[in-house]
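Chemist: model the structure of this input:
(one chain, ligands or ions: 1)
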Amino acid sequence: MRRVHLLASLLVSFVLAAYVASLALTSGPVAGEKRLVARGRVVYLPLPQRTTSMTVEEAVLLRRSIREYSGQPVELEHLSLILWAAYGITDPRTGFRSTPSAGATYPLEVYVVVGERGVRSGGTYLPAGVYKYDPYTHSISLVKVGDFRRELATAALGQRWVEEAPVDIVVTAVFERTTRVYGERGYLRYVPMEVGHLGQNVYLISTALGYGCVVVGAFYDDKVREVVGAGAQEVPMYIIPVGRPARSHYTSFEEVWEYIISRRGSS
Ligand SMILES: Cc1cc2nc3c(=O)[nH]c(=O)nc-3n(C[C@H](O)[C@H](O)[C@H](O)COP(=O)(O)O)c2cc1C
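Modeler: Numbering: from 1, shown residues only. Coordinates of the predicted model:
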């Protein structure tokens, strides 16, 4: 058993060494940087910047739960924006985030399960693995190497889209951060509400960038925790598969007007 462990850790070290050697090691990404910048197990994400031309109204109109994907990867600069919109820093003076939080207690943790060739940066791909997001440095750090999408889908009662998406975002909550300030109210209200805010941000930015996603709440907590390597104090809340949609989906404002007006006529 010990030998298996030793072999496994040697393999991980080898994969990481090869990966790091293939990347430019710099002190960090500069504004506008889009290529992979890594140091050890940490991948610094391209800095968030204005990218889409879609308005918020259009993103709200076109947001849909998407469960079939084209097989194309997620671009690293887009993953960067999706994670930033999910839980990134938006006010450097206070450290406040993209998602509102009761008393700014920020109980959530964000993981990314990257499939084989799931995230592309120029001509290279991020190694398949589980990564954890750090909002302060806007980086992801490798938790473990390998494609864990099938295990995650099994943990989610076999929901196909979890395995088929190039990337799954997993959100966990450390309830204690909020309940020690707000008590019971944190359990039933504040923390679940915050996960919803994060999920909607992921939906909207994904839509604006031309991706589709779906929030998945049905899974075995222990199994998801095990797949992402989360601590016992973290409760898995959402799995969010993200990918390019297999089919384009479109609704116009005019169709929505027609729907609303026809109901006014009959009331
Ligand atoms: C709390 C919550 C849990 C959900 N869990 C799942 C799930 O486990 N699997 C899934 O395919 N969709 C899940 N959904 C997505 C809903 O099925 C979807 O939002 C609904 O069908 C309406 O479609 P729309 O999102 O395109 O408007 C969940 C949505 C919410 C809000």
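
Chemist: surely residue 216 and residue 158 touch.
Modeler: No - using Cβ atoms under 8 Å, residue 216 is not in contact with residue 158; the gap is 11.5 Å. Quick note: C-beta positions are derived from backbone N, CA and C, even for glycine.

Chemist: now do the SS call for residue 231.
Modeler: coil (DSSP: H, G, I helix; E, B strand; the rest coil).

Chemist: so what pLDDT did it get?
Modeler: Per-residue pLDDT puts residue 231 at 97.

Chemist: the longest strand in this structure is where?
Modeler: Secondary structure of the chain per DSSP state E: the longest strand is strand 235-243.

Chemist: nearest residue to residue 226 other than its sequence neighbours?
Modeler: Distance criterion Cβ to Cβ, 6 or more residues apart in numbering; nearest residue to residue 226, sequence neighbours excluded, is residue 155 at 7.8 Å.

Chemist: again with residue 178
Modeler: Excluding its sequence neighbours, the residue lying closest to residue 178 (Cβ to Cβ, 6+ apart) is residue 186, at 3.8 Å.

Chemist: and the stretch 151-267 of the chain, which residues reach the ligand?
Modeler: With Cβ under 6 Å from any ligand atom as the criterion, the stretch 151-267 of the chain meets the ligand at residues 159, 214, 215, 216, 217, 218.

Chemist: can you say which of the residues you listed are buried?
Modeler: 159, 214, 215, 216 (16 or more other Cβ atoms under 10 Å).

Chemist: residue 199 is in contact with the third one, correct?
Modeler: This means residue 215. Yes - using Cβ under 8 Å, residue 215 is in contact with residue 199, at 4.6 Å.

Chemist: what touches both of the two?
Modeler: 238, 240 (Cβ atoms under 8 Å, 6 or more residues apart in numbering).

Chemist: export the longest strand of the chain to PDB, keeping only CA atoms.
Modeler: Provided in PDB are the C-alpha atoms of strand 235-243 (Å, rounded to 0.1, in the frame of the first residue of the first chain):
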ATOM      1  CA  VAL A 235     -20.600  21.400   2.700                       C
ATOM      2  CA  PRO A 236     -20.900  21.000  -1.100                       C
ATOM      3  CA  MET A 237     -23.700  23.300  -2.400                       C
ATOM      4  CA  TYR A 238     -23.600  23.400  -6.200                       C
ATOM      5  CA  ILE A 239     -21.800  21.600  -9.100                       C
ATOM      6  CA  ILE A 240     -21.900  23.900 -12.200                       C
ATOM      7  CA  PRO A 241     -20.900  22.300 -15.500                       C
ATOM      8  CA  VAL A 242     -19.800  24.900 -18.000                       C
ATOM      9  CA  GLY A 243     -19.100  24.500 -21.700                       C
END
